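Q: Coordinates for the following, if possible.
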Amino acid sequence: MQGPNQKIWVAVGPFRRQSVVSGEFAFYAPDFFLRDKKPYWVPSKVVECSLAEFRTWITESGLVGAAPSGWQAPEISEFAPRFSELQSLFAAGALKKAVPVVFERASNVEAASMLQQILNTLASTDVRGYRYGLWSEGEGMIGVTPEVLLQQQGSLFKTMALAGTRSKKSDLSLLDDPKQVHEHHLVIDDICQALADLAKPVVSDVYEFDVGAMYHLRADIEWKADGARYDQVVSKLHPTAALGASPRPFGWEWLQAQPESNLRWRYGAPFGVVGNGVGFTLVAIRNVQFQGSNVLLGSGCGIVPQSQLETEWREFHLKRQSVMAMLGLSSNRVSFAHGSSLQATSL
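A: Residues are numbered from 1 along each chain as shown. Here you go, the predicted model:
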């Protein structure tokens, strides 16, 4: 997992699966619905390295991978009834925003070969976001996410509101699009309400955030909370309205009732590292997940009353295409930029 300032934590097993940890370094990788009773993965060894060293390690492995073929894309006809249902829920006042997900699938995939292909791509190209992944015994997840759920520096906590999307082919700024701005402010309000009993967050101005193939609206949010437990703050935040639904109580029920809920696994879940003074958690989007020879590539889209079916369906597609390009799973390679690196140290 790639953390702040380009440092990368590389951990190897065997792993101890635990329900809680206290001080020791561990990866936190629950499922989206937080049903996993042992979400912490304590490694046998972990090394903190620079991006340059990560690249050298992957390159010197000399392993050659291959991308899956025969992807089966979702159909708009399958999604249209859910879109109509959401519009009815908006009209009834039950929801203000919801983020359904759809999945593109591939089968008969040699997972080890695909994984090596992705690692080679992530090592040889610059990406705008955080590399992350976890795999064991023929199943796992790997991707690059632009979204940080929570970062702790002593008593200072930080998160971000990230919502609203436009392609770089569009000339209309997201800041000039009332629908996108409204959607984004719902995310800000949701985060502030989730933290209301803990602190009064300070919210930055909203700005366009370049994530490579597209732009999102972003606002940075921070607050101070002495003595707050990191895992409890993560639980308060997840899922924000950027990946979940607003308002939360009914939205949580709606998310669990969706037909793809049994496919989500870790898509959109918190994914982070804790311990040894570290507290850094990503939102697990822009990834592929695999179990055996089956692969899922998900994309989500924020739906509000002003949404149009065709427009949102194009956004689903744009996001999946950008992930395929970013992970080296398609011929449409996309260039992403990022920053500097750190020297390696053992933890």
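Q: Just confirm Ala269 contacts Ala284, I think it does.
A: Yes - using Cβ atoms under 8 Å, Ala269 is in contact with Ala284, at 5.0 Å. (C-beta placed from N, C-alpha, C; glycine too.)
Q: Below-threshold pLDDT in the protein: ranges please.
A: Where the chain drops to pLDDT under 70, the residues are 331-347.
Q: just checking, what packs against the helix or strand containing Arg131?
A: Per DSSP states H and E, Arg131 falls inside strand 130-136. Counting contacts by 3 or more Cβ pairs under 8 Å, 6 or more residues apart in numbering; DSSP states H and E, strand 130-136 packs against helix 111-124, strand 139-145, strand 287-291.
Q: buried ones in that strand?
A: Using 16 or more other Cβ atoms under 10 Å as the burial criterion, the residues of strand 130-136 that qualify are Tyr130, Arg131, Tyr132, Gly133, Leu134.
Q: Format those as a markdown table; extra columns: distance to Ala92.
A: Below are those laid out as a markdown table (distance: Cβ to Cβ, whole Å):
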| residue | distance to Ala92 |
| --- | --- |
| Tyr130 | 38 |
| Arg131 | 42 |
| Tyr132 | 38 |
| Gly133 | 41 |
| Leu134 | 40 |
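Q: what sits against Ile118?
A: Ile118 makes contacts with Gly65, Gly133, Ile142, Val288, Leu327, Gly328, Leu329, as judged by Cβ atoms under 8 Å, 6 or more residues apart in numbering.
Q: quick one: it from Ala199, how far?
A: According to Cβ to Cβ, to the nearest Å, Ile118 and Ala199 sit 38 Å apart.
Q: so where do the helices sit in the stretch 1-150 of the chain?
A: 51-61, 76-91, 111-124 (DSSP state H, counting those that start in this stretch).
Q: Check which residues of the last one are buried.
A: This points to helix 111-124. Those would be Ala111, Met114, Leu115, Gln116, Gln117, Ile118, Leu119, Asn120, Thr121, Leu122, Ala123, for helix 111-124 by 16+ other Cβ under 10 Å.
Q: Contacts only, for the second one.
A: Under the criterion of Cβ under 8 Å, 6+ apart, the neighbours of Met114 are Gly65, Ala66, Ala67, Pro68, Val288, Phe290, Val295, Leu329.
Q: can you rerun that using 7 Å?
A: Counting by Cβ atoms under 7 Å, 6 or more residues apart in numbering, Met114 makes contact with Gly65, Ala66, Ala67, Pro68, Val295.
Q: ok, the third one to Ser204 distance?
A: Okay, so that is Ala67. Noted for Ala67: a distance of 38 Å to Ser204, by Cβ to Cβ.
Q: hang on, the earlier thing: figure out which of the helices and strands packed on strand 130-136 is closest to Leu186.
A: Taking Cβ to Cβ, strand 139-145 is the member of the helices and strands packed on strand 130-136 nearest to Leu186, at 20.7 Å.
Q: contacts for that closest one?
A: 115, 118, 122, 127, 129-135, 266, 282-292, 323, 326-327.
Q: ok, now stretch 228-248?
A: 95-99, 149-150, 152, 157, 159, 161-163, 186-187, 190-191, 194-195, 198, 251, 254-255, 268, 270, 274, 279, 281, 283, 300.
Q: Is it possible to mark the buried ones in those residues?
A: Using 16+ other Cβ under 10 Å as the burial test, the contacts of stretch 228-248 include 95-99, 149-150, 152, 157, 159, 161-163, 186-187, 190-191, 194-195, 251, 254-255, 268, 270, 274, 279, 281, 283, 300 as buried.
Q: Find out how far stretch 223-234 is from the centre of the chain, if you would.
A: Relative to the chain's own centre, stretch 223-234 is displaced by 21 Å; criterion: Cα atoms, centre = their mean, to the nearest Å.
Q: wait, I meant stretch 195-214
A: That offset, for stretch 195-214, works out to 15 Å (Cα atoms, centre = their mean).
Q: Then stretch 308-327?
A: Distance of stretch 308-327 from the chain centroid (Cα atoms, centre = their mean) equals 15 Å.
Q: For it, buried residues please.
A: Across stretch 308-327, burial judged by 16+ other Cβ under 10 Å covers 312-313, 315-327.
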